[in-house]
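Enquirer: Test case, fold it:
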Amino acid sequence: MIFYIILLSGLGTLGYFGADMYLPSLPSLETYFSSSKAAVGLSFSIYLFGITIGQLLYGTLSDHFGRKMTLIFGLSLFVIASIACIYSTHIVTFIIWRFIQALGACASMVIWQAMVIDKFDTDKTHQIFAIVFPMLALSPALAPTIGGVIITLSSWQMIFITLGLIGLILFFCVIFFIKETIKKTSQTKGNFHWQDIKIKYLTLLRSPIYMGYVCTLGLTSGAYFCYLTASPFILKQMGYNAMYIGLSYIPQTIAFMIGGFISKKVVDYFGLKIMTYCLYAFVLFAAILFCATVIFPLHHALQIIIPFSVMALLNGILYPRGMSLALNYLPALAGTAAGLAGSVQAFIAFVSTSILASLLFMGVVSMSVIIVLMAIGGLLFFKFSQTVK
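Expert: This is a model prediction of the structure:
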């Protein structure tokens, strides 16, 4: 069971490692490709867009062809694209391969969740999610930290070699250690029935309960992706090196992990009303982040790190229970539900980071404003979904 949870965590973190490990190298990529901050920032946003598209496909594909075969295909694509990024000679080529890399990575991001729904009952699912999601939270700190060490000792290309090796290890683990979790009788036989697929998605999209949780979590987690997009440039302008930029993500990650570990106990004690309280607090600390970075002069990284660490703690409380409730809403559609949930959240992150990438000339101002707006949006969306519930 321990090995299984570790493997699930590895599959779940692959997409985040692909997104985050190269963050300390963004300034180096700007120099290497003789490109602008906006274009280099777009390589992050386009990765999120790839995850948005891919998760819609993989959820349904895994329901049709099975979890294992779909995983093998996605991991193969990730490894190929990771190697291709190394040989890119132009920022446009690099961005295209980043998109393809994301299409491969999101297979594991979707399917590990569907595998848990397939294999375990609701209570066990909640327990596993409460263990795995905090472990997934290591990636935003671990990946940039590893990336910072690699680029300090070597080059940005070595980061993508490392990503390719990680994908290859997971590829062989899936082949030799993963058994198909979806019953053959549950798989769609024959060709795709697009009308049935349409009905599945419409059923989920029309549910205020499912979409309420998914969009709320998408907005709060999207705020974090905005932080990841802007912070390397902001911290570099403040005089911090790549190593420090990587290490700066550790406090937020620890905070998210703590939130994840206490999430079940907190929700069991206070009930779902704690989600509303956490969202109010999320808005409050987004406002504090704005004040600490925009109203007052930005002198130290702690002005960003401290308020965002508290927001990460709150997000850690919200995320495991919110996703568990969303995916267990219709367990028969586990693959489709996991894919749609990931796609909606990635799309929100893609739109917000794309806007932010185009406004990076404003630095910390644009980051703080967008994070405040997303925090307010998450609260309002959650309250509305609970009203029409």
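Enquirer: alpha carbons only for contacts and neighbour counts from here, please
Expert: Will do.
Enquirer: which residues touch the closest residue in space to residue 89 that isn't next to it in sequence?
Expert: Leaving aside its chain neighbours, residue 89 sits nearest to residue 33 (7.3 Å; criterion: C-alpha to C-alpha, 6 or more residues apart in numbering). By C-alpha atoms under 8 Å, 6 or more residues apart in numbering, residue 33 lies in contact with 89, 90, 91.
Enquirer: Now list the buried members of the residues you listed.
Expert: residue 91 (16 or more other C-alpha atoms under 10 Å).
Enquirer: from the contacts of residue 33, which is closest to residue 276?
Expert: residue 91 (42.5 Å; C-alpha to C-alpha).
Enquirer: Give me the nearest residue to that closest one, chain neighbours excluded.
Expert: Take residue 91 and drop its neighbours on the chain: the residue closest to it by C-alpha to C-alpha, 6+ apart is residue 33, 5.8 Å away.
Enquirer: Same question for residue 218.
Expert: Distances taken as C-alpha to C-alpha, 6+ apart put residue 345 closest to residue 218, at 4.0 Å, once the chain neighbours are dropped.
Enquirer: Isn't the one you found up against residue 213?
Expert: No: Residue 345 lies out of contact with residue 213 (C-alpha atoms under 8 Å); the separation is 10.5 Å.
Enquirer: Give me the more crowded residue out of these two.
Expert: For residue 345 versus residue 213, neighbours defined as other C-alpha atoms under 10 Å are more numerous around residue 213 (25 against 22).
Enquirer: Excluding residues flanking it in the chain, which one is nearest residue 72?
Expert: residue 171 (6.2 Å).
Enquirer: circling back to that earlier point, need phi/psi at the residue nearest to residue 91.
Expert: Main-chain torsions, residue 33, degrees, to the nearest 10: phi -90, psi 0.
Enquirer: same thing with residue 298?
Expert: Dihedral angles (degrees, to the nearest 10) for residue 298: phi -90, psi 110.
Enquirer: packing partners for the helix or strand containing residue 5?
Expert: For residue 5, the enclosing helix or strand under DSSP states H and E is helix 2-20. If you count contacts as 3 or more C-alpha pairs under 8 Å, 6 or more residues apart in numbering; DSSP states H and E, helix 2-20 packs onto helix 37-65, helix 91-119, helix 122-136, helix 139-153, helix 156-177.
Enquirer: Take the ones you listed and write them to JSON lines, including mean pLDDT and distance to residue 380.
Expert: Formatted as JSON lines, the helices and strands packed on helix 2-20 follow (pLDDT from 0 to 100; distance: least, C-alpha to C-alpha, whole Å):
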{"stretch": "helix 37-65", "mean pLDDT": "83", "distance to residue 380": "23"}
{"stretch": "helix 91-119", "mean pLDDT": "90", "distance to residue 380": "27"}
{"stretch": "helix 122-136", "mean pLDDT": "74", "distance to residue 380": "25"}
{"stretch": "helix 139-153", "mean pLDDT": "81", "distance to residue 380": "27"}
{"stretch": "helix 156-177", "mean pLDDT": "93", "distance to residue 380": "38"}
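Enquirer: Quick one, which of these gets closest to residue 21.
Expert: Nearest to residue 21, of the helices and strands packed on helix 2-20 and by C-alpha to C-alpha, is helix 139-153 at 4.3 Å.
Enquirer: Next, the buried residues of that closest one.
Expert: By neighbour count with 16+ other C-alpha under 10 Å, helix 139-153 contains the buried residues 139-151.
Enquirer: what about residue 295, neighbour count?
Expert: With neighbours defined by other C-alpha under 10 Å, the count for residue 295 comes to 11.
Enquirer: got the contact list for it?
Expert: If you count contacts by C-alpha under 8 Å, 6+ apart, then residue 295 has nothing around it.
Enquirer: distance of it from residue 302?
Expert: Counting by C-alpha to C-alpha, to the nearest Å, the gap between residue 295 and residue 302 amounts to 15 Å.
Enquirer: Same check on residue 68?
Expert: For residue 68 relative to residue 302 (C-alpha to C-alpha), the value is 44 Å.
Enquirer: quick one: which of those two has more around it?
Expert: Ranked by neighbour count (other C-alpha under 10 Å), residue 68 and residue 302 place residue 68 first, with 20 against 13.
Enquirer: How about the secondary structure of residue 299?
Expert: With DSSP: H, G, I helix; E, B strand; the rest coil as the basis, residue 299 sits in coil.
Enquirer: mind checking pLDDT for it?
Expert: Here the pLDDT value assigned to residue 299 is 80.
Enquirer: Now the buried residues of helix 139-153 in CSV, please, with extra columns for distance to residue 374.
Expert: Below are the buried residues of helix 139-153 laid out as CSV (distance: C-alpha to C-alpha, whole Å):
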residue, distance to residue 374
139, 22
140, 19
141, 22
142, 25
143, 25
144, 24
145, 27
146, 29
147, 28
148, 28
149, 32
150, 33
151, 32
